[in-house]
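Trainee: this one's sequence-less:
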RNA sequence: CGGGGCGUGGCGCAGUCUGGUAGCGCACCAGUCUGGGGGACUGGUGGUCGUCGGUUCAAAUCCGGCCGCCCCGACCA
């Protein structure tokens, strides 16, 4: 009944043309879709569905739910945040929580559509899984306890624990257990677009890092590792095409598997100074890795005889820099201790050479820290018999000692004596203290040798716009998702998971495509292809006539282009400024001047190129979708 | 969670130090003029100054609690 009302509403008021047009179109619709034998309500909801899909191909700015802001909102710093707010695409509801206004929704839909087409192309099947899950589903995989407060939890009315999904591996695995029986059903990929809730410790950067967001997450299901490998690289290819179409230059970097678990992962990164990840890149070859996993080949320390331990007074040298200066040695001759506490309460003492930094991701992996790690407090360090500023594992107790593999090979280092103002010379791991774990623990630094070719690497910040993971059988094992192979035996389904954050991509597109005046949407994701500006309607009635005609043409069935018509009674300056802020690829100006010059002024937003085209050419553009090449003769007077 | 900043009409801000009952620009409404780069004039609308409590004759202003937002560090699409 409600649907009927909406359709009725279409027939009157300002949207008369467009609404009516759609209704007529769907009545004619594809064979079998007509009204034969169907109730009026069903027909009406069909119409509504069609209208929703077309989503107002022509819109009057005077009716659009939006507003532009003349001043930058003070909370916005990144260009994408500022512009999306100012141009009326999004509004903030809370920290990391945003509403999409109609323009923002249209962009998001376009981005989704590109992703969808590329997922479909590699055989992905779209489905949809719930946002709210019973906690038991997450207990079964172990993540209910493994993941910290970023997992949203609540109780339903009966006191049952529930989870707000941050991803969907568990649910997919359960569905696989239910649906897949035979190897003949594999390989297979499913995906959906769904809202995720991740209670991030800190939201930031507008749409770049939010707490609630829509993600495309895809899951591949294979019989074995070889199949997974094929699916993984198919997704890799789909991602390359997707980001290319979205106008994003991405770099695929090897990455940590994080909370997903699994054996191999890549992140697709967009370079951006405000990015939260540090990428290690080689310009000589194409090596690219997240700093979290980049392993740098370190120069082998010179072999030396282990010398006897020797105490040395080093007053006031609580930093490596001051210690090295005091003893007149290089920082690489010292061992640095860093103290952390794991989520499960273990004190971890990490030892790296003084000239290097501890990479916390590597450390977490080295000690299999459940719930991550945090820096230890002074009290915690002292309780284990160590002295901050003069700390080392020598004489320490109740701590997990993790040393960098380079430390294991570096003889006669200077390290703390766990007494204020005292260090030891000639400390040797293994002789003077024992390591519980030896692993690569250090951060790559600018200029370090490339692991592949040895040239100096560079460090850049990046924003992760997508990732691909080889999961293996972790979730299928937990869910009992198996198939019967040709051998008649049950085998676990081998899974992969592949995510793309929709809103973050939108923000990154703006980051990459804007200028001082506003957004410059790539054609593929622009909410409307063209922004029609009508000027001087009061002096020249033909202006409105022409604008109306273009507007209704765009609204008609069969038109390939969608337009936004600025029909407001505003001065030309306001209209042009807003058009540039909003960022449609083409700005079409109808005015007494343009009509006198022979038609409509067409401006390409990206280049600023301007030409006057005959009205028929612009009409062709709306119908065919192609803007004809610029005709120099017609341009002369512009 | 640690550090820094902020909260006054839709947006940007002043006023807070030195208490005296709220102001500016833009936006918005009405009208007139204007009409190719955020135009002009006239007249208007709109704020329990984040919130709760305290001090005081009197609190946006001083004191305390709480809430929220932004930025910098530990997590991820």
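Mentor: Received the coordinates, thanks. What you see is a predicted model, and the numbers here were worked out from it, not measured in a lab. Residues are numbered from 1 along each chain as shown, chains lettered A, B, ... in the order given.
Trainee: Please make it C-alpha for all contacts and neighbour counts, starting now.
Mentor: Noted.
Trainee: Next, give phi and psi for residue A:279.
Mentor: phi -110, psi 140 (degrees, to the nearest 10).
Trainee: what about it, neighbour count?
Mentor: Neighbours of residue A:279 under the rule other CA atoms under 10 Å: 28.
Trainee: close enough to count as contact, it and residue A:457?
Mentor: No: Residue A:279 sits out of contact with residue A:457 when judged by CA atoms under 8 Å, with a separation of 9.8 Å.
Trainee: what's the first-to-last distance across stretch A:182-194?
Mentor: Stretch A:182-194 has an end-to-end distance of 28 Å (criterion: CA to CA, to the nearest Å).
Trainee: Show me the strands in the stretch 101-250 of chain A, by range?
Mentor: Using DSSP state E, counting those that start in this stretch, the strands of the stretch 101-250 of chain A run over residues A:124-126, A:132-134, A:152-155, A:161-164, A:188-197, A:212-222, A:250-254.
Trainee: Briefly note if stretch A:434-441 comes near RNA strand B.
Mentor: No: Stretch A:434-441 stays clear of RNA strand B (CA under 7 Å from any atom of the strand), getting no nearer than 12.7 Å.
Trainee: Centre of the chain to that stretch, how far?
Mentor: 34 Å (CA atoms, centre = their mean, to the nearest Å).
Trainee: Now render the strands of the stretch 101-250 of chain A as CSV, adding mean pLDDT.
Mentor: Compiled in CSV, the strands of the stretch 101-250 of chain A are given as follows (pLDDT from 0 to 100):
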stretch, mean pLDDT
strand A:124-126, 98
strand A:132-134, 96
strand A:152-155, 93
strand A:161-164, 95
strand A:188-197, 97
strand A:212-222, 97
strand A:250-254, 93
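Trainee: among those strands, which is the most enclosed?
Mentor: strand A:212-222 (a mean of 23; mean count of other CA atoms under 10 Å).
Trainee: which residues touch it?
Mentor: A:96-98, A:112, A:115, A:124, A:167-169, A:172, A:186-198, A:228, A:231-232, A:493-503 (CA atoms under 8 Å, 6 or more residues apart in numbering).
Trainee: ok, and which of those reach RNA strand B?
Mentor: Within those, those near RNA strand B by CA under 7 Å from any atom of the strand are A:96, A:198, A:499, A:500, A:501, A:502, A:503.
Trainee: Please pick the buried ones from those residues.
Mentor: Of the members of these, the ones counted as buried by neighbours, 16 or more other CA atoms under 10 Å, are A:96, A:198, A:499, A:500, A:501, A:502, A:503.
Trainee: Do I have it right that the last one meets residue A:209?
Mentor: Going back to what we said before, that points to residue A:503. No: judged on CA under 8 Å, residue A:503 makes no contact with residue A:209 at a distance of 9.2 Å.
Trainee: For the residue in the stretch 501-638 of chain A positioned nearest to RNA strand B, pull up the helix or strand it's in.
Mentor: Going by CA to the nearest atom of the strand, RNA strand B is nearest to residue A:573 of the stretch 501-638 of chain A, at 3.0 Å. Per DSSP states H and E: residue A:573 is located in helix A:572-582.
Trainee: For that helix, name the packing helices and strands.
Mentor: With contacts defined as 3 or more CA pairs under 8 Å, 6 or more residues apart in numbering; DSSP states H and E, helix A:572-582 has these neighbours: strand A:518-519, strand A:530-534.
Trainee: That helix to strand A:530-534, inter-axis angle?
Mentor: With axes from the mean of the first three to the mean of the last three CA atoms, to 10 degrees defining the directions, helix A:572-582 sits at 170 degrees from strand A:530-534.
Trainee: Pull out the buried positions in helix A:572-582.
Mentor: Of the residues in helix A:572-582, those buried (16+ other CA under 10 Å) are A:575, A:576, A:578, A:579, A:580, A:581, A:582.
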